[in-house]
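Colleague: let's see this in three dimensions:
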Amino acid sequence: MAADPFVEEQELDLWRKPEPETAAAGRSAERPLSVSELNRRVRSLLEAGFSQVWVEGEISNLRSPSSGHVYFTLKDEQAVVQVVLFRADAARLSIRLREGAAVVVRGRLTVFEARGQYQIIAADVQALGEGALLERLEALKRRLAAEGLFDASRKRRLPEFPERVGLVTSLKGAVIQDFLRILQRRAPGIEICVRDVPVQGASAAKAIAGAIRAFGGPPPVDVLVVARGGGSLEDLWPFNEEVVARALAECPVPTVSAVGHETDFTIADLAADLRAPTPSAAAELIARDWNDWRAEVAQLRRRAERAMSRVLELARERLARLAGSPFFHEPSRLILRWEQLVDEEEEALGRALRRAVEIKRERWESFMRHWRALRFDEQIRRRSEQVAQWAARLAALSPEATLQRGYAIAFDRQGRILRRAHPEMVGSEVRVRVASGGFGAQVLRLCPEEPWTQNAANRVRGQEAPENNSDTECGGA
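Modeller: Numbers count the residues shown, from 1 in each chain. All right, here's what the predicted structure looks like:
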């Protein structure tokens, strides 16, 4: 054993007994060791004699401060030893340390000089026995979860009315008998297809994965169940293998994992679309009892009949109310109501029109105030004066104004204005227009221009014309 050199070295280096007769001389000749020197020498001896040890035990007092180092106690029924796992070595561990785990620690012995306490500086920690399997299980679970293999978004709903069910299990156990019995009792019309596989042993995982993939091809099934009875962790291990988990995740039809008892959990449970606590529970989950369907249909029928009866009853009550309504006995009341509504709408329309006119008037008055504020009235006044002047000029030049000044206009029988006197006019009839009307006349003779012009001018000026004899005065009938 490695402890023998340590004991011998300890006896040789740390304590040399003096001979009895020279004990007093030895005490005075040899200097005693300090505590620090003693711990340092013990540390050198331990590190030289135990450079690598393998120690198994149970973890307790597990601590992991912010520094990243890990400290725990390794114990068995009779003793304990302190273990230190530095941060770099802790990061390389393949297992997750936890209280109570049985492990094997590989490391070297040393002494913590400040307390004179020896401890193991661990380089690696591995799970022991079933603990090793559990650590492998946790490591695989973490890796597959990181890939998203267990995500809830991947889970599919089971069909409500499956017609064909696939079953992967062993034909030798009681699992298949219980599954078939329950499924036939609950839904006797479902077709069940079974693939016999080993559910325990080294070759079981590969066979189970192959059967799952085979059910993914033709002929198709509506749902696939992977089942096995209870057992130890080692017995159920094929259902914790990665190949089975990936086959379940890649299966094109919904899958159910029914492995072990209710307390058993496997990776197959996480990869499947649904976990059933037992194979018998899986049969109840995938097919609802037909008796339940019959009872539910009967209940729905009764509810529909009650609902229909209620609808008919309400319709009869409404019809009775309508038949007793006054409108059917006095239809004029309905017309009067609408007439009243029309009157109200007419009044409302009148109020709206009056209000609209009032708004327009207010806007026009506002516009006019604004217009006057811009002093357009002065421009309009000047323009009006110009228009009045032009109108006066036009009135002075009009024929009516000329007639008012004492002139007359003569027309021939054809209505043409006579502008000149000529001999052919003598003896003809003419019409004369004056300011106050007109009269007919006959041309007896032609008058010289000058006397007539002078007389006309005098009349315009209001003077009496000089008396002329009949030979010189021009007159007419």
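Colleague: pLDDT score for residue 472?
Modeller: Residue 472 carries a pLDDT score of 45 in this model.
Colleague: what does residue 259 give?
Modeller: pLDDT recorded at residue 259 is 93.
Colleague: got phi/psi on it?
Modeller: phi -110, psi 130 (degrees, to the nearest 10).
Colleague: which residues does it contact?
Modeller: Applying CB atoms under 8 Å, 6 or more residues apart in numbering, we find residue 259 in contact with 226, 227, 228, 236, 239, 266, 268, 269. C-beta: built from backbone N, CA, C; applies to glycine.
Colleague: thought the last one was touching residue 257?
Modeller: Read it as residue 269. Yes: with contact defined as CB atoms under 8 Å, residue 269 reaches residue 257; the gap is 4.6 Å.
Colleague: joint contacts of these two?
Modeller: Shared contacts of residue 269 and residue 257, defined by CB under 8 Å, 6+ apart, comprise residue 275.
Colleague: more neighbours, the two?
Modeller: Per other CB atoms under 10 Å, whichever of residue 269 and residue 257 has more neighbours is residue 257, with 27 against 23.
Colleague: can you tell me the closest non-neighbouring residue to that one?
Modeller: Spatial nearest neighbour of residue 257, excluding adjacent residues (CB to CB, 6 or more residues apart in numbering): residue 272 at 3.7 Å.
Colleague: ok, the one you found - contacts?
Modeller: Contacts of residue 272 by CB under 8 Å, 6+ apart are 226, 248, 255, 256, 257.
Colleague: and which of those is nearest residue 118?
Modeller: residue 257 (49.3 Å; CB to CB).
Colleague: on that earlier part again, can you lay out the contacts of residue 259 as CSV showing pLDDT, secondary structure and distance to residue 436?
Modeller: Listed next are the contacts of residue 259 as CSV, based on pLDDT from 0 to 100; DSSP: H, G, I helix; E, B strand; the rest coil; distance: CB to CB, whole Å:
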residue, pLDDT, secondary structure, distance to residue 436
226, 96, strand, 134
227, 94, strand, 137
228, 94, strand, 140
236, 89, coil, 142
239, 95, helix, 138
266, 91, coil, 136
268, 95, helix, 134
269, 94, helix, 132
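Colleague: just the buried members of these?
Modeller: The neighbour-count criterion (16 or more other CB atoms under 10 Å) marks 226, 227, 228, 236, 239, 266, 268, 269 among those as buried.
Colleague: flag the shaky bits of the stretch 151-300 of the chain, pLDDT-wise.
Modeller: Within the stretch 151-300 of the chain, no stretch has pLDDT under 70.
Colleague: quick one, helices of it?
Modeller: Along the stretch 151-300 of the chain, the segments classed as helices by DSSP state H, counting those that start in this stretch run 175-186, 204-215, 242-250, 267-271, 279-286, 290-323.
Colleague: among these, which comes closest to residue 56?
Modeller: Of the helices of the stretch 151-300 of the chain, nearest to residue 56 by CB to CB is helix 267-271, at 27.3 Å.
Colleague: any idea how far residue 398 is from the residue lying closest to residue 427 once chain neighbours are set aside?
Modeller: Ranked by CB to CB, 6+ apart and with sequence neighbours excluded, the top spatial neighbour of residue 427 is residue 443, at 6.5 Å. To residue 398, residue 443 is 27 Å away according to CB to CB, to the nearest Å.
Colleague: one more: residue 340?
Modeller: From residue 340 over to residue 398 the distance is 65 Å, taken as CB to CB.
Colleague: geometric centre of this protein: which residue is closest?
Modeller: By CA atoms, centre = their mean, the chain has its centre lying nearest to residue 153, at 17.9 Å.
Colleague: tell me the domain ranges of the protein?
Modeller: Using automatic domain parsing, the domain ranges for the chain come out as 3-128, 158-288, 405-461.
Colleague: need those domains in a markdown table (columns: distance to residue 138).
Modeller: Formatted as a markdown table, the domains of the chain follow (distance: least, CB to CB, whole Å):
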| stretch | distance to residue 138 |
| --- | --- |
| domain 3-128 | 6 |
| domain 158-288 | 10 |
| domain 405-461 | 133 |
